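*Asks:* coordinates for the following, if possible.
(one chain, ligands or ions: 3)
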Amino acid sequence: MNFGVFSRPGEPRRVGVRRGERVLDLAAGLGDEVFAAPSLNPFMALGRTRWLETRAAVEELDGPAYPLDEVTLHLPIEVADYVDFYCSLEHASNLGRMFRPDEEPLKPNWRHLPVGYHGRAGTVVVSGTPVKRPHGQLRAGVFGPSAKLDIEAELGFVVGDPNGSAFEEKVFGVALVNDWSARDIQAWEYVPLGPFLGKSFATSMAAWVTFLDDVPRVRGREQDPAPLPYLEREGDWGLDLTFEVRLNGEVVSRPPYSGMYWTPDQMLAHMTVNGATLRTGDLFASGTVSGPERGQRGSFIELSWNGAEPVKLGDGSTRTFLEDGDVVTISAPGLGEVSGKVG
Ligand SMILES: O=C(O)/C=C/C(=O)CC(=O)CC(=O)O
Ligand SMILES: [Ca+2]
Ligand SMILES: [Mg+2]
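*Replies:* Ligands and ions are numbered 1, 2, ... in the order given. Take a look at the predicted model:
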């Protein structure tokens with residue numbers, strides 16, 4: 001079940017559930033104030049028992065529904081903190097090879113913990129929001145528009161109830177994420193503290209948060225070495241999803257989520273093992289989803305090997321990084337899509 005926030009012209013925002021090409025109005029249909037809110041946060045804070053009761057009630061609901069093209073979809077959550085992980089072995093290896101060609105692609109810590117960084121919660125935007133090409137320092141003494149604007153196809157996990165005990169009591173659901181990245185700004189600025197302005201200008205998320213129980217699960221990928229006890233898996237939290245990345249309508253990649261090395265229960269355990277508390281609305285993303293095949297890479301820096309091997313498009317043109325006017329859409333069955341136009 002996909003939960004979102006919508007409004008009709010001249011009316012306030014409220015919570016809805018997607019049903020085909022319509023959105024069901026939960027505020028009107030269930031008559032509960034918690035859905036007459038501009039974000040999912042008040043509902044998510046109620047906890048898993050209420051999530052399950054609501055899902056059962058919505059399945060029976062025949063309340064007011066509006067065609068999607070007659071409503072505006074808004075950012076579904078008030079983002080508390082935003083964390084971005086780096087959980088794909090293939091993506092991490094590829095980026096290591098390009099950013100640090102003289103070193104081992106994976107840093108010594110990579111197989112021991114899910115590497116991550118804190119991103120910028122205030123620039124998370126809803127699917128459909130245009131993304132302006134960022135300006136910044138591109139190398140020593142050079143300032144200008146990024147010439148290496150890129151995408152990162154990711155899955156975001158939304159914390160609903162910080163007081164839950166098991167993973168599924170804390171995490172309400174998932175949403176597709178595009179962590180837009182300016183590779184030239186990033187490559188110059190990131191040493192030694194990590195990503196900063198090269199990624200903080202915009203992160204797009206889908207308008208729909210898919211309830212966790214509705215995401216197909218598989219066993220997580222084998223890990224070697226076995227992780228420390230606090231990172232032991234809580235269950236089969238590999239997710240059986242295949243993304244589709246489209247550039248101007250044309251499929252350029254199909255990244256498989258099921259091959260991710262670190263699973264979301266491990267990300268959450270790691271994020272909180274130092275005593276850091278959670279808040280309703282925390283968003284943590286998986287990092288770029290890339291598989292072993294070329295056509296499974298979740299970023300253009302990988303697809304074009306940092307520009308050296310341009311991607312061939314159907315109309316005979318080629319692409320290394322994004323051009324103004326490009327529209328990138330990432331979708332997955334049952335999850336909807338996250339889309340954005342450059343410019
Ligand atoms: O290896 C690096 O220095 C940088 C890696 C990234 O840009 C990846 C990042 O943001 C995390 C991810 O999306 O996997
Ligand atoms: Ca990222
Ligand atoms: Mg970003």
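
*Asks:* going by C-alpha atoms from here, please, whenever you check contacts or count neighbours.
*Replies:* OK.

*Asks:* which strands and helices sit next to whichever helix in the chain runs longest?
*Replies:* Selection of the longest helix in the chain by residue count, based on DSSP state H, yields helix 48-60. Other helices and strands packing on helix 48-60, by 3 or more C-alpha pairs under 8 Å, 6 or more residues apart in numbering; DSSP states H and E, are helix 167-170.

*Asks:* what parts of this protein come near ligand 3?
*Replies:* Listed as neighbours of ligand 3 in the chain under the rule C-alpha under 5 Å from the ion: 179-180, 199-200, 202-203.

*Asks:* for the stretch 101-250 of the chain, which residue gets nearest to ligand 1?
*Replies:* Ligand 1 sits closest to Glu152 of the stretch 101-250 of the chain, with a gap of 5.9 Å, by C-alpha to the nearest ligand atom.

*Asks:* so that residue is in contact with Arg297, correct?
*Replies:* No - Glu152 is beyond contact range of Arg297, at 9.3 Å (criterion: C-alpha atoms under 8 Å).

*Asks:* who touches both of the two?
*Replies:* With contacts taken as C-alpha atoms under 8 Å, 6 or more residues apart in numbering, Glu152 and Arg297 have Val289 as neighbours in common.

*Asks:* which of the two has more neighbours?
*Replies:* Comparing Glu152 with Arg297 by other C-alpha atoms under 10 Å, the one with more neighbours is Arg297, at 27 against 22.

*Asks:* contacts only, for the more buried one.
*Replies:* Contacts of Arg297 (C-alpha under 8 Å, 6+ apart): 91, 253-255, 289-291, 303.

*Asks:* most surrounded residue in these?
*Replies:* Neighbour counts for these peak at Ser290, which has 32 neighbours (criterion: other C-alpha under 10 Å).

*Asks:* tabulate the contacts of Arg297 (CSV), appending distance to Gly20 and secondary structure.
*Replies:* Formatted as CSV, these follow (distance: C-alpha to C-alpha, whole Å; DSSP: H, G, I helix; E, B strand; the rest coil):
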residue, distance to Gly20, secondary structure
His91, 34, helix
Ser253, 26, strand
Arg254, 24, coil
Pro255, 25, coil
Val289, 27, coil
Ser290, 29, coil
Gly291, 30, coil
Leu303, 33, helix
